[in-house]
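S.K.: Sequence and predicted structure below; questions after.
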Amino acid sequence: LESVQRRFTLRILGADCTLTYNSRCNKLGSDPLWKRRLELNLIFFFKLLNKLSLTSNHVIQYAETPHYDIRNSLSLVKQTCSKSSLYMNYFTCRFSRLWNNLPQSICTIKSLPLFVRFIDAYCSPENVLNVVAPVSVSHSTSDIIGTLNV
């Protein structure tokens, strides 16, 4: 789908356009497909975490943290160990890593409309690399963005 959107934006602006895909989308007033997927998947993860979605049998749990470790401890999600690259690409594995790297002010929100507004602002082009490039994970940003095809 993203290749279709890339060709479509190029065709609208003309073949002589030298703008990047993200710049073409901004000029046309739309979001790149990967950004929409990221936002919608984080919103779906929020719904699963707060039991607002009835589509999953898998329960996502908050991680238990020691009482002395108070930094970001209210919103950490339990991450499962992935011993294979196939399991690492499962939705809950990928998005629990991304969730744990969101600011605590976003993770502690309990209202869905407010969360949607904050995620939309946080996934703006200036902040998007903060979301998809967790510091504690050894995977490259392109690997993480490449696995967002859920």
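M.R.: Structure received.
S.K.: what about the longest helix along the chain, average pLDDT?
M.R.: Using DSSP state H, we find that the single longest helix of the chain is helix 33-49. The average pLDDT within helix 33-49 is 88.
S.K.: what does stretch 92-103 give?
M.R.: Taken as a whole, stretch 92-103 has an average pLDDT of 84.
S.K.: Only alpha carbons, please: show the longest helix of the chain as CSV.
M.R.: Extracted as CSV, the C-alpha positions of helix 33-49 are listed here (Å, rounded to 0.1, in the frame of the first residue of the first chain):
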residue,chain,number,x,y,z
LEU,A,33,1.1,5.4,5.6
TRP,A,34,3.7,4.2,8.1
LYS,A,35,2.8,7.1,10.5
ARG,A,36,-0.9,6.2,10.3
ARG,A,37,-0.1,2.6,11.0
LEU,A,38,2.1,3.5,14.0
GLU,A,39,-0.6,5.8,15.5
LEU,A,40,-3.4,3.3,14.9
ASN,A,41,-1.4,0.4,16.3
LEU,A,42,-0.5,2.4,19.4
ILE,A,43,-4.1,3.3,19.9
PHE,A,44,-5.1,-0.4,19.5
PHE,A,45,-2.4,-1.3,22.0
PHE,A,46,-3.9,1.3,24.4
LYS,A,47,-7.3,-0.3,24.0
LEU,A,48,-5.9,-3.8,24.7
LEU,A,49,-4.0,-2.6,27.7
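S.K.: buried ones in it?
M.R.: Within helix 33-49, the residues scored as buried using 16 or more other CB atoms under 10 Å are 33-35, 37-39, 41-49. (Each C-beta comes from the backbone N, C-alpha and C, glycine too.)
S.K.: now do stretch 103-110
M.R.: In stretch 103-110, counting by 16+ other CB under 10 Å, buried: Ile106, Cys107, Ile109.
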